[in-house]
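Novice: what's the 3D shape of this:
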Amino acid sequence: MNAPIDVSFFARNAKPLTSYRPYWAKRFGTAPFLPMSRAEMEQLGWDSCDIVLVTGDAYVDHPSFGMAVIGRVLEAQGFRVGIIAQPDWQSAEPFKALGKPNLFWGVTAGNMDSMINRYTADRKIRSDDAYTPGDVGGKRPDRAAIVYSQRCREAYKDVPIVLGGIEGSLRRIAHYDYWSDKVRRSIVVDAKCDLLLYGNAERALVEVAHRLARKEPVESITDVRGTAFIRRAGDPTAEGWIELDSTEVDTPGHIEDHINPYQTTSEQAQAQGQSCSKEEGAAASAQVVQVKPITIHRPQGAGGVAKLPRDRTVIRLPSYEQVKSDAVLYAHANRVLHVEANPGNARALVQAHGEGATARDVWINPPPIPLTTAEMDYVFDLPYARGPHPAYADEHGRHDGATKIPAWEMIRFSVNIMRGCFGGCTFCSITEHEGRIIQSRSEDSIIKEVEDIRDKVDGFTGVISDLGGPTANMYRLGCRSPAIEAACRKPSCVYPGICQNLTTNHDPLIRIYRRARALKGIKKILIGSGLRYDLAVQSPEYVKELVQHHVGGYLKIAPEHTESGPLSKMMKPGIGTYDRFKTMFEKYSEEAGKKQFLIPYFIAAHPGTRDEDMMNLAVWLKKNGFRADQVQTFYPSPMATATAMYHSGLNPLKGVHRDNGPGGRGETVDIVRGEKRRRLHKAFLRYHDPNNWPLLREALKAMGRADLIGNGKHHLIPTFQPVTDGGYQSARRKNSTPGAGGAKASERAAAVVKTGGAGKGGTSGAKAGGSKAPVKGRILTQHTGLPPRAGVKGR
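Specialist: Residues are numbered from 1 along each chain as shown. Prediction:
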């Protein structure tokens with residue numbers, strides 16, 4: 001059975017969200033929408049806002065939009081909250097629209113990182129923005145969190161700035177910036193914010209808001225988990241902390257192996273070349289019993305030692321100047337950051353920026369304590385309008401025409417049932433933002449939201465598009481032991497295999513599926529979030545339930561690759577697990593008498609991928625009859641482990657060393673750089689496109705695999721070359737342009753999936769959707785092999 005999250009270590013070490021005394025402005029009641037203008041404030045009887053939120057997204061009052069969640073949570077605490085959405089950043093005047101905030105500014109770039117929102121994986125400008133009415137691009141600046149913070153300071157310089165959102169979360173320390181191809185400073189320094197709240201920040205934000213309301217100076221708020229801020233030399237709030245150099249925790253050189261907390265005593269002894277058998281004697285047994293995880297000791301008095309208290313220990317990372325100039329130290333700092341990620345045992349981190357008179361420290365407190373089930377219900381049960389603000393309506397008062405917001409359309413009839421992901425995929429930033437502890441809503445809360453959609457949301461036809469979250473099937477999964485969960489420092493619970501302490505019981509999720517689809521007025525429940533098929537195969541009953549009742553024709557799933565080299569750098573399961581799931585999928589589809597299709601997704605140009613790996617993947621695709629219409633290219637998002645590989649050429653998963661390469665202790669990683677090689681890797685995924693054949697022929701000959709060039713079924717590409725325009729036209733999206741130009745919506749979707757946008761991103765990419773039967777004789781493709789859904793044009 002699952003260990004209830006409410007009795008975990010985390011639930012016992014946090015102040016409940018509902019325990020604060022409401023602020024005096026609670027008397028004004030609940031707003032139908034948080035105001036975006038002075039006129040709306042006057043209608044509510046407000047003379048000012050206590051908090052003004054600034055966001056790069058259009059304001060959609062829905063629990064899948066971060067700014068709506070933050071606004072409603074603060075409103076429930078009694079604060080008057082206004083929103084300035086997508087302001088003109090050319091001057092500070094638009095930031096004065098709601099007047100001076102009484103307490104603080106809340107700033108975010110939006111549900112997506114602004115650079116990923118505005119640029120493709122090939123650094124080309126996008127022509128669209130799914131978070132803007134009409135899908136119009138250009139409504140937010142590059143590095144929006146920095147620009148908005150600067151304008152807020154210009155508007156009212158004495159008002160504290162609290163920065164949050166995924167853009168801030170992923171830039172809390174010095175980080176590699178793919179778009180400028182250099183290491184940038186912490187966003188806390190560049191934005192000049194007073195506080196950065198990283199991760200899902202309800203707990204931290206509520207505490208900060210109430211403390212500021214009590215007139216506590218923002219510079220004295222240095223003890224809140226999940227926050228980062230600037231500290232200068234001589235700061236009295238830093239007294240009492242014990243500083244530990246990060247190289248003593250994980251030196252970029254030799255380091256003893258950490259003890260595996262899941263091994264038995266005898267296994268630990270055996271791993272160290274020892275024994276715990278009785279015949280080895282009491283002394284040997286005592287030696288084994290004393291085996292403990294590494295503890296750094298400091299001298300105390302005359303030869304004594306003292307254990308450092310974790311809650312008062314801060315780890316000093318290499319400075320910004322050091323990681324900027326030394327790729328080994330950058331990889332080391334990234335590794336330490338990921339090691340110190342479990343709220344149960346993480347220590348504070350500090351990183352110096354600048355020298356001399358400009359020297360200051362960026363201080364990062366340990367991650368926030370996850371929300372309990374009761375707190376998750378509290379957050380999701382707030383009175384969301386579940387639609388865009390009326391200011392975005394067209395002349396008919398609707399939001400499904402020219403002013404439609406695509407991101408809202410995508411989640412309009414969906415329900416978010418959980419947060420967090422313990423998958424640890426290195427290319428994904430969901431874990432860095434939401435954490436790896438799963439936070440689940442109660443069954444009653446989820447069913448209530450389904451009923452609200454049925455009864456209150458305009459245009460509902462009886463189909464729920466998703467019951468999911470960052471992943472579809474981690475609901476109520478977690479560690480069997482609260483003590484082990486709090487002590488664990490593994491980056492993933494499912495790689496290289498599923499941890500023996502992880503519960504894989506899908507029964508609670510199955511009950512929700514059955515209860516939801518039994519509701520009156522509900523015709524279909526689809527599952528659109530990412531599916532961890534390695535977990536799903538542990539529960540055949542779940543796979544059967546999913547396949548026979550919640551797949552509408554095809555299921556897109558993401559093995560990401562077929563070869564062990566790149567898969568080991570992604571921390572993804574082997575292709576054998578995919579084959580196992582495929583067998584179950586086909587078996588249960590046949591039992592139900594349904595013709596359904598499994599369509600795999602793959603990533604091109606991921607760190608650790610050789611040209612030969614992509615060639616083998618292309619051969620696998622052709623052998624299995626897949627033709628990828630649009631491909632996902634690796635996108636180095638800030639702070640991801642794969643991004644550290646991309647920048648440093650090292651593998652932080654294996655430890656960071658200076659003696660890399662053959663014979664060394666460190667592991668170098670093959671990095672796919674340069675436009676030509678990235679094009680080659682994408683071309684292998686689209687081996688069937690004649691535009692790619694000249695490039696592939698050249699590459700196959702250079703690789704000594706000219707045997708794959710020919711006109712037979714066993715060949716990858718033919719010898720002949722038809723006349724082509726050298727371009728690529730998407731069959732799926734209207735804004736795809738011929739040639740290399742244009743910003744494809746599929747790339748946007750891939751970016752959202754890999755960086756956790758919209759509050760419901762997925763890491764392992766399984767998507768369920770409806771379709772008609774395939775056209776006879778037509779080869780299935782990744783996106784367009786199945787016919788378009790009824791009534792949908794342009795696909």
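
Novice: What is the least confident helix or strand in the protein?
Specialist: When the helices and strands of the chain are scored by mean pLDDT, DSSP states H and E, helix 745-755 comes last with a mean of 32.

Novice: Show me how far the top helix by length along the chain is from its chain's centre.
Specialist: In the chain, assigned by DSSP state H, the helix with the most residues is helix 575-591. Centroid separation between helix 575-591 and its chain, computed with CA atoms, centre = their mean, to the nearest Å, is 27 Å.

Novice: Give the buried residues for it.
Specialist: Across helix 575-591, burial judged by 16 or more other CB atoms under 10 Å covers 575, 577-578, 580-582, 584-585, 588-589. Any C-beta I mention is one placed from the backbone N, CA and C, and that applies to glycine too.

Novice: pLDDT added to those, as a markdown table?
Specialist: As requested, the buried residues of helix 575-591 are exported to a markdown table (pLDDT from 0 to 100):
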| residue | pLDDT |
| --- | --- |
| 575 | 95 |
| 577 | 96 |
| 578 | 95 |
| 580 | 97 |
| 581 | 97 |
| 582 | 96 |
| 584 | 98 |
| 585 | 97 |
| 588 | 97 |
| 589 | 97 |
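
Novice: want to throw those into JSON lines with distance to residue 382?
Specialist: Converted to JSON lines, the buried residues of helix 575-591 look like this (distance: CB to CB, whole Å):
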{"residue": "575", "distance to residue 382": "43"}
{"residue": "577", "distance to residue 382": "39"}
{"residue": "578", "distance to residue 382": "39"}
{"residue": "580", "distance to residue 382": "41"}
{"residue": "581", "distance to residue 382": "37"}
{"residue": "582", "distance to residue 382": "41"}
{"residue": "584", "distance to residue 382": "39"}
{"residue": "585", "distance to residue 382": "37"}
{"residue": "588", "distance to residue 382": "38"}
{"residue": "589", "distance to residue 382": "39"}
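
Novice: and the closest residue to residue 490 other than its chain neighbours, how many neighbours?
Specialist: Leaving aside its chain neighbours, residue 490 sits nearest to residue 499 (7.1 Å; criterion: CB to CB, 6 or more residues apart in numbering). For residue 499, the tally of surrounding residues (other CB atoms under 10 Å) stands at 18.

Novice: got it, and residue 376?
Specialist: Residue 376 has 25 nearby residues by other CB under 10 Å.

Novice: Might you report the residue contacts of it?
Specialist: Residues near residue 376 by CB atoms under 8 Å, 6 or more residues apart in numbering: 418-419, 439-442, 445.

Novice: Also residue 517?
Specialist: Neighbour list for residue 517: 524-525, 549 [criterion: CB under 8 Å, 6+ apart].

Novice: so where does residue 500 fall, helix or strand?
Specialist: Assigned by DSSP states H and E, residue 500 belongs to neither a helix nor a strand.

Novice: Tell me which residues touch residue 350, please.
Specialist: Contacts of residue 350 (CB under 8 Å, 6+ apart): 231, 243, 314-317, 361-364.

Novice: Confirm that it lies within a helix, as I assumed.
Specialist: No: secondary structure of residue 350 (DSSP: H, G, I helix; E, B strand; the rest coil): strand, not part of a helix.

Novice: do you know how far it is from residue 202?
Specialist: 25 Å (CB to CB, to the nearest Å).

Novice: do residue 75 as well
Specialist: For residue 75 relative to residue 202 (CB to CB), the value is 12 Å.

Novice: where does the chain dip in pLDDT?
Specialist: 1-12, 251-307, 660-665, 725-795 (pLDDT under 70).

Novice: any idea which residue sits dead centre in the chain?
Specialist: By CA atoms, centre = their mean, the chain has its centre lying nearest to residue 430, at 1.8 Å.

Novice: my read: that residue touches residue 421, true?
Specialist: Yes: Residue 430 is within contact range of residue 421, at 4.8 Å (criterion: CB atoms under 8 Å).

Novice: what number of residues lie near residue 445?
Specialist: Residue 445 is flanked by 19 other residues according to other CB under 10 Å.

Novice: who touches it in this structure?
Specialist: 376-377, 380-381.

Novice: swap in residue 322?
Specialist: residue 329.

Novice: That one sits in which helix or strand?
Specialist: Assigned by DSSP H and E, residue 322 falls in helix 320-325.

Novice: So which residues make contact with whichever helix or strand comes after that helix?
Specialist: Using DSSP H and E, the helix or strand that follows helix 320-325 in sequence is helix 327-339. Helix 327-339 has contacts (CB under 8 Å, 6+ apart) with 173-174, 176, 183, 246-247, 249-252, 315, 317-318, 322-324, 349, 351, 432, 489, 491, 639, 641, 644-645, 647-650, 652, 655-658.

Novice: Tell me the buried residues within those residues.
Specialist: Buried, going by 16+ other CB under 10 Å: 173-174, 176, 183, 246-247, 249-250, 252, 315, 317-318, 322-324, 349, 351, 432, 491, 639, 641, 644-645, 647-650, 652, 655-657, out of the contacts of helix 327-339.

Novice: top of the contacts of residue 376 by neighbour count?
Specialist: Neighbour counts for the contacts of residue 376 peak at residue 441, which has 29 neighbours (criterion: other CB under 10 Å).

Novice: I'd say that one and residue 419 touch.
Specialist: No: checked against CB under 8 Å, the pair residue 441 and residue 419 is beyond contact range at 9.0 Å.

Novice: Report the beta-bridge partners for the residue nearest to residue 597 when sequence neighbours are not counted.
Specialist: The spatial neighbour of residue 597 that comes closest, neighbours along the chain excluded (CB to CB, 6+ apart), is residue 554 at 4.5 Å. Taking DSSP bridges as the rule, residue 554 bridges to residue 597, residue 769.

Novice: neighbours of residue 554, just the number please.
Specialist: 20.

Novice: Distance of it relative to residue 585?
Specialist: Taken as CB to CB, the span from residue 554 to residue 585 is 11 Å.

Novice: which residues are in contact with both of these two?
Specialist: Residues touching both residue 554 and residue 585 (CB under 8 Å, 6+ apart): 596, 598.

Novice: who's in contact with residue 494?
Specialist: Taking CB under 8 Å, 6+ apart, one finds 422-424, 502, 532, 534-535, 573 in contact with residue 494.

Novice: my bad, residue 150
Specialist: 191-192.

Novice: buried residues in the host helix or strand of it?
Specialist: Here residue 150 sits within helix 144-155, counting by DSSP H and E. Under the neighbour-count criterion of 16+ other CB under 10 Å, helix 144-155 has 144-153, 155 buried.

Novice: Ok, stretch 591-610 next?
Specialist: Judged by neighbour count using 16+ other CB under 10 Å, the buried positions of stretch 591-610 are 596-609.

Novice: What is the neighbour count of residue 243?
Specialist: Around residue 243 there are 12 residues (other CB under 10 Å).

Novice: And for the host helix or strand of it, what's in contact with it?
Specialist: For residue 243, the host element (DSSP H and E) is strand 242-245. Strand 242-245 has contacts (CB under 8 Å, 6+ apart) with 296, 298, 308-309, 312-316, 347, 350.

Novice: try it again with 7 Å
Specialist: Here strand 242-245 makes contact (CB atoms under 7 Å, 6 or more residues apart in numbering) with 296, 308, 312-316.

Novice: Could you give the separation of the following helix or strand past it from the chain centroid?
Specialist: Using DSSP H and E, the next helix or strand after strand 242-245 towards the C-terminus is helix 246-249. Helix 246-249 sits 27 Å away from the centroid of its parent chain (CA atoms, centre = their mean).

Novice: what about the nearest residue to residue 179 once chain neighbours are set aside, how many residues close to it?
Specialist: Closest residue to residue 179 apart from its sequence neighbours, by CB to CB, 6+ apart: residue 115 at 5.3 Å. When counting by other CB under 10 Å, one arrives at 21 neighbours for residue 115.
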